[in-house]
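**Student:** just the structure for this:
(one chain, ligands or ions: 1)
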Amino acid sequence: MYALRAQLTKHKLENHMVELIPSQEAVMQILKRTGAFREGHFVYPSGRHSPHYFQMPLAFRYYDTARVLAVALSRKFRLEKDISSQLPKIAVISPSSGGIPVAFGVRDALNAEQIYWAEQEHGERMFRQYVNQGEVNPCIIVDDIIRSGNAIDETVKLVKSLGARIIGCGAIVRFDSAPDEVEGVPIKSLVDFNARMYESGDNCVDCKHGATPEQVRY
Ligand SMILES: [Zn+2]
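**Tutor:** Residues are numbered from 1 along each chain as shown. So this is what the prediction gives:
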């Protein structure tokens, strides 16, 4: 009887947690409101043109917004048995500086034991912390946005070289052109975004319409 009740409560709790994950539309509204997502006509340093521009740190400058987004992502991780069963002995890993606020928020929400972040050093991705083989718990890699998946791939190599296992991966936004799994684990995201990129102005729809482009940094 008690076991059944506990089971029902747990089931209710899990459903409740899923409901508390905001919809893709709600997340896009947050990103728009904070300026982290803009629509227009943008030119990237690579020369590519795009009608949209993400600058995710703008969403993470507000404590409340940062918390809503990180908690939502953490709930997606918690639903994975391989992750929830190993808590708190897991590490949350950011591939770059952009992912650091997400990693801290997710770590906090999951009460995970460790946090690491990587940086580019002499063209190579390395952990900011000097860590030895065997010191890193099973890992969740989290980033603010996954565009090509290159940063994730490099981080996977780094994590594996330290002998740690990857049990999760996720971001607030994933371009749907990026991979949807890594090392056999699905990549979780709050938004799967259909990114539109033009190699140059020649085939850019907004250039054809004569819209003035804005140069952006990233
Ligand atoms: Zn253009």
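**Student:** CA only for contacts and neighbour counts going forward, please
**Tutor:** Noted.
**Student:** how many neighbours does residue 43 have?
**Tutor:** By the criterion of other C-alpha atoms under 10 Å, residue 43 has 22 neighbours.
**Student:** partner residues bridging it?
**Tutor:** Counting by DSSP bridges, residue 43 is bridged to residue 49, residue 215.
**Student:** and it, how far is that from the ion?
**Tutor:** Remark: distance between residue 43 and the ion (C-alpha to the ion, to the nearest Å) = 7 Å.
**Student:** surely residue 115 and residue 93 touch.
**Tutor:** Yes - contact between residue 115 and residue 93 holds when scored by C-alpha atoms under 8 Å: they sit 5.8 Å apart.
**Student:** which of these two has more neighbours?
**Tutor:** Using other C-alpha under 10 Å as the criterion, residue 115 and residue 93 rank with residue 93 on top: 28 against 22.
**Student:** any idea what the residue nearest the centre of the chain is bridged to?
**Tutor:** Central residue check for the chain by C-alpha atoms, centre = their mean: the C-alpha nearest the mean position is that of residue 171, 1.4 Å away. Listed by DSSP bridges, the beta-bridge partners for residue 171 are residue 143, residue 189.
**Student:** who are the contact partners of residue 192?
**Tutor:** Applying C-alpha atoms under 8 Å, 6 or more residues apart in numbering, one finds that residue 192 lies in contact with 24, 173-176.
**Student:** whoops, I mixed them up, residue 138
**Tutor:** For residue 138, the contact set (C-alpha under 8 Å, 6+ apart) comprises 89-91, 164-167.
**Student:** next: residue 95.
**Tutor:** Neighbours of residue 95 in contact, by C-alpha under 8 Å, 6+ apart: 117-119, 125, 141-143, 151-152, 155.
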